[in-house]
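K.L.:
coords please:
(3 chains)
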Amino acid sequence: MESNLAPAAAPSGEPHIRRLIVIWVVLSAIGVALVVFALGPHMPPWTFSDEARDQRNINIMLAALATPVLLAVWMALLYSILAFRQGSGVAADGPPLHGGGRLEITWIVVTTLIVVALAVAGTAALFGTTKGAGGGQGPDPLAVPHGSQPPLQVQVIGQQWAWTFRYPAYGGVETTQIAIPAGRVIELHVTSLDVNHSFWAIRLAVKADAIPGTDNVAFVRPRKPGTFKIRCAELCGLWHGHMFTTGLVLTPAAFASWIRRQVVANAAATKTLPPYATHYFPEPLRRAG
Amino acid sequence: MLAVAGATAVAVVLVALYVADFLAANPTPLRAAPAPRGAQLTLQTVASYGHDPHPDWVSYLARDASGAWHHTTIFKVPAHALVRVTVYQYDTATGLRNPFWSQVRGTVGSTMTVNGRTLHALPPDDASHTFAIPELGVSVPLKGVGDNAPNQCSVAPCTLAQAHTTVTFTFRTGNPGRFRWQCFVPCAAAFVFGNGGPMQSIGWMDGYVQVV
Amino acid sequence: MSDVAFDQHMPRPAAAPPWWRRLLGFNLLAAFLLGIGGWFFGHWIGTRITIGMDSQLGTDQNDVATFMGFLFAVFGWLIGLGFLNYPLARMLGRPPSLREKEEEGPGRYFRLCTDHKVVGMQYFVTILLFFLIAGLNAMFIRAELLTPKEKLWNANQYLSLVGLHGTMMLMMMSAAILGPFGNYFVPIMIGARRMAFPRLESLSFWLVPPAGLILLSAVALGGFPTGWTGYAPLANTARAGMDAYLFAFALIGLSMTIVGANMLATVLTMRAPGMTWTRLPIFVWGVICTSVLMVLAAPVLFATLSMVALDRTADTSFFLASAGGSPFLYTNLFWFFGHPEVYILALPGFGVVLEILPVFSRKPLWGYRLAVAGMLGVTLLSFMVWQHHLFVSGMNADLRPFYMLTTELISVPTGFIFLNGLGTLWRGRIRFTVPMLFAMAFFSNFLIGGLSGVFLSDVPSDVSTHGSYFVMAHFHYTIMGGLVFALFAATYYWLPKMTGLTFNETLAKIHFWGMFVFFNFTFAPLFVAGMLGMPRRVSVYSSSLQGINDFVSVSAFLLGLSMLVFLINLVYSMVFARVPAEANPWRSRGLEFQLPTPVPVRNFERTPVIESGPYEYGVPDAPPVAALGRPTVVAGGEAAP
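P.N.:
Numbers count the residues shown, from 1 in each chain, chains lettered A, B, ... in the order given. The predicted structure follows:
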């Protein structure tokens, strides 16, 4: 099999390629600028928490990287469609270009480098700047953000089909709504009582699967007071789609009074709860049947 | 070729009808009986339904204004009203998996009446079922009959002559909408964690409250 | 190997028997009857076994009886088709033979037939049928998603629809290209007369209809709530419809293993003289790589589903954390199969489009060795990436960088395929036939799908997009935008050869444009919906997303209409218009197009000697692919005398 150099060797190839590269560079510059400056500030998951802001920046970077690639392939396709049609009546063959050579090697090297760089950058971001990026890290988290105060532990309990939340620092009180103080590291311990659920606090950009028998730790640093929606992101049965609720981010003072009110309101239930633990295997006293 | 195409078309139509039949099946909604300032919803829970298709499954039933019991879990209640719920509880206790639900929430005064006594909460092991509308914040544990109570009911619909516990509570409805309700006690006999079968079937231990 | 059986002259009956007489025998009718009988028998046995077993009787759903019923139904089905006949005959001392009696006529499509071309057609019709049923489910799903609250179907019905759509598509599309076109053309492309194991080939097909029917029966058993991924422990407590899912999917796993093993054995041992590895059509390379994945991954699926079945019937606790098991065991086992599975879906698509592009660019396949390396690289790497489905599940945090790296790396061999495609188009003489349109659209769609995969492979970004509609859009772009477009490219390219009839060109172009435009309109907005916070498998969503969902639903209905156009074209062209096709309508150099239409039962009169590769367009003095004693296309666009 002959090994041909890239079409650059053939005289009819050069102007096509040069024209295309110029157009591509210009369009990519415009595209990347649009992505970074116009789309960027509005890119999900926005900036309600530190984790959300970090994820947003990564999304911007990935989108900016994807734009030239998308444009390159589309332009090559479009150009080929427009410039290399068969033409009517003449049923001839094209040039016998078999490939190989510098273009192949260059492509392999460049794509591998880009991809490895992405992986390295992703790892650095995961452990370095984003400190876990709000994802569930299992019982032994490696990327732990540090704040001026020790983290506030909140346990998220998924059950079919509602979320409840326990605060070990406040007597293990359990509530149906989660409230967290702004400006502090929150250490979420996500677990389940029955099947797999997933705790997704959308604007906080936190997602951690709730697996029975597992303590899945995720960290979040909310920035300012507000509300956030929580949805279940792992199919858990009949009412999976209805397993949503709203969470609150409060100022530290508001949080202190909120948790006091919760302790009082839920006193009767708290007396009957098992001691706080990282996971539970609840078996009621009597099993039906 | 024509025969094959024809047979294929027939097969596709049959399958479409079969799937459509599954999609059309729904328990009939039941309208709660009118009452001053709202409505009265009367329900019962049975330990075993006693009829096909699932004679061993626990179930809720609802009573219409004329006093007849229907096997449905879709209820219609008025908006911006007080809905008084009476549950005749014929099943024995299973115990709550998460004792958190042993406290009454979302009702008027956050209380319920059990056989005439007003309670804020129930010992978790005494709960037989719960009635919960999470989107409206309502959650009420329902006390079971004693294991050794005489004259227990085993076939729906149960009568007041059989052993039962009466639980009443009232909750307020707001804007119209369709809200799901469920039981939080894993009460499905013989299923792992008690959460299978009737616990995940509309028409048994799950349903809708349509606020109209 | 003895060819004696081939050359025996089959005696012909004196007069054709009446139609009811022809219905007797080992065929589809017998299979149905024995299958239904088997269901009742198995159900009865299951009930007898479980007397006194509280976990089965107290639940009013006897899973043991259900599984036994399915098992005996499948036995009855296979016995009815005659699969036991040959093993029994051999056990009774009859001499070995390669083929069943192959009579002419349409009846052979409804029984065990060892002609690989018949199996290919059987696969084509069956897969198309189930594809349409699963697509109908998708229409039902999108109808529900027109409104942000639950409207049309209650929660259980909606989840069952979602599960049925996903499972039926995955089950059927796994062999969507290997089944019809692999079975039909791989032996021809390598110059062989048959597959290595003709009866096994027929078995791999005949396991597919019962699997599809059993999955559909889940509807009558209460539906199943887990979606196509079947996560335990939810699967442990689900209603009896779960048993149907487990059994059907396991059956397909078995079928996939058989198909893969058969393909590998055929290509490894039955290539004609002169068919070196570098002259192998790239489609066959795609089949080889897919078969390796099938043989290695499908058994894991079978084992995993068996473990769930044991949990449901024998009270084991593989996946129950409270009894010492682990849900992580399920997720890891499932995705160890599940990730190679998606490459089982993608690789045949690569093979098909790279096969088609040279024909309609009239240029050699650019970078043949690179393409093969790409496919092999994808095959190898696909076993090393599965934990990217589990990034936020609480898996060992140390492992996430490794899986991020391998997942990113897999885009490198995938990129080779793009270079091959673009290089083949570059400076070609492109003819815009319908197969070519689908092949080019493949590249656009798979590009978007692949790039969104890069987002998902980055762990911080994945934290928000995992389990959302972003993932949905990603895999629909790669599987539907990739595989299904390639499937239609293959259909329009090869069906004229398989049936000898041409498609209506106008309807085909309407189908293509409708599908391309509305496919993109349907799935591109879903990336946005996912990033805006819509999880998968829900029928209730935030009302701010209704605009996007309505646009998507309407586009999906129009996409479904375009499928209808295809169906109309198929029926019209194959049943009513019946315009005959030339033997080589595309002037392809491929060996399969050098044969006459219809392809003779034994493919080649004599074993061909392969003299050059199939992509030597524009190469002066290139010999034809093989000297067959018939007009064959060389190069230059004209047929050689």
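
K.L.:
closest point of chain A to chain C, which residue?
P.N.:
Closest to chain C within chain A is residue A:213: 2.8 Å, counting by CB to the nearest CB. C-beta: built from backbone N, CA, C; applies to glycine.

K.L.:
same question for chain B.
P.N.:
The nearest approach of chain B to chain C comes at residue B:190, 3.1 Å away (CB to the nearest CB).

K.L.:
excluding its backbone neighbours, what's nearest that residue?
P.N.:
Using CB to CB, 6 or more residues apart in numbering or on different chains and skipping the chain neighbours, the partner closest in space to residue B:190 is residue C:58 (3.1 Å).

K.L.:
distance of the one you found relative to residue C:52?
P.N.:
Applying CB to CB, to the nearest Å, the value for residue C:58 to residue C:52 is 11 Å.

K.L.:
more neighbours, the two?
P.N.:
A direct count of neighbours by other CB atoms under 10 Å in any protein chain shown for residue C:58 and residue C:52 places residue C:58 higher, at 18 against 7.

K.L.:
touching, that one and residue B:55? I think so.
P.N.:
No. Applying CB atoms under 8 Å, one finds residue C:58 not in contact with residue B:55, separated by 10.7 Å.

K.L.:
give the contact list for residue B:96.
P.N.:
Neighbouring residues of residue B:96 by CB atoms under 8 Å, 6 or more residues apart in numbering or on different chains: A:284, B:102, B:124-125, B:127, B:130, B:141, B:184-185.

K.L.:
let's see 6 Å
P.N.:
B:102, B:124, B:127, B:185 (CB atoms under 6 Å, 6 or more residues apart in numbering or on different chains).

K.L.:
residue B:86 in helix, strand or coil?
P.N.:
What DSSP: H, G, I helix; E, B strand; the rest coil gives for residue B:86 is strand.

K.L.:
was I right to think it contacts residue B:43?
P.N.:
No. Using CB atoms under 6 Å, residue B:86 is not in contact with residue B:43, being 7.2 Å away.

K.L.:
and the two? which has more neighbours close in?
P.N.:
It is residue B:43, of residue B:86 and residue B:43, that has more neighbours when counted by other CB under 10 Å, with 22 against 15.

K.L.:
and the lowest-mean-pLDDT helix or strand in chain B, what other elements does it pack with?
P.N.:
Ranked by mean pLDDT, DSSP states H and E, the helix or strand of chain B with the weakest confidence is helix B:2-24, at a mean of 76. With contacts taken as 3 or more CB pairs under 6 Å, 6 or more residues apart in numbering or on different chains; DSSP states H and E, helix B:2-24 sits against no other helix or strand.

K.L.:
rewinding a little: excluding its backbone neighbours, what's nearest the residue of chain A closest to chain C?
P.N.:
Computed as CB to CB, 6+ apart, the closest residue to residue A:213 that is not its neighbour in sequence is residue C:321, at 2.8 Å.

K.L.:
quick one: name whatever helix or strand follows the least confident helix or strand of chain B.
P.N.:
Of the helices and strands lying after helix B:2-24 in sequence (DSSP states H and E), the nearest is strand B:30-31.

K.L.:
related to what we said a few turns ago, and the residue of chain A closest to chain C, how many neighbours?
P.N.:
For residue A:213, the neighbour count with other CB under 10 Å is 21.

K.L.:
would you list the phi and psi of it?
P.N.:
phi 80, psi 10 (degrees, to the nearest 10).

K.L.:
for the nearest residue to residue A:142 once chain neighbours are set aside, give me its contacts.
P.N.:
Nearest non-adjacent residue to residue A:142, counting by CB to CB, 6+ apart: residue C:397, 4.4 Å away. Contact partners of residue C:397, counting by CB under 6 Å, 6+ apart, are A:137-138, A:141-142.

K.L.:
okay, those in TSV with neighbour count, secondary structure and pLDDT next?
P.N.:
As requested, the contacts of residue C:397 are exported to TSV (neighbours: other CB atoms under 10 Å in any protein chain shown; DSSP: H, G, I helix; E, B strand; the rest coil; pLDDT from 0 to 100):
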residue	neighbour count	secondary structure	pLDDT
A:137	26	coil	90
A:138	25	coil	89
A:141	19	coil	87
A:142	15	coil	85
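
K.L.:
among those residues, which pair sits farthest apart?
P.N.:
Greatest spacing in the contacts of residue C:397, by CB to CB: A:138 and A:142 (9.0 Å).

K.L.:
helices and strands around the strand or helix carrying residue C:462, which ones?
P.N.:
Following DSSP H and E, one finds residue C:462 within helix C:459-465. Helices and strands touching helix C:459-465, by 3+ CB pairs under 6 Å, 6+ apart, are helix A:50-83.

K.L.:
is chain C contacted by the helix it packs on?
P.N.:
Yes. Under the criterion of CB under 6 Å from any CB of the partner chain, chain C is reached by helix A:50-83 at A:55, A:58-59, A:62, A:66, A:73, A:76, A:80.

K.L.:
can you get me a residue count around residue A:260?
P.N.:
12.

K.L.:
could I get the contacting residues of it?
P.N.:
Listed by CB under 6 Å, 6+ apart, residue A:260 has no contact partners.

K.L.:
in what helix or strand does it lie?
P.N.:
Using DSSP H and E, residue A:260 maps to helix A:252-265.

K.L.:
what score does residue C:4 have for pLDDT?
P.N.:
You'll see residue C:4 listed with a pLDDT of 44.

K.L.:
swap in the one 4 residues further on?
P.N.:
As predicted, residue C:8 sits at a pLDDT of 53.

K.L.:
gap between the most centrally placed residue in chain B and residue B:91?
P.N.:
Centroid check for chain B by CA atoms, centre = their mean gives residue B:60 as the closest residue, at 4.0 Å. Distance, residue B:60 to residue B:91, using CB to CB: 10 Å.
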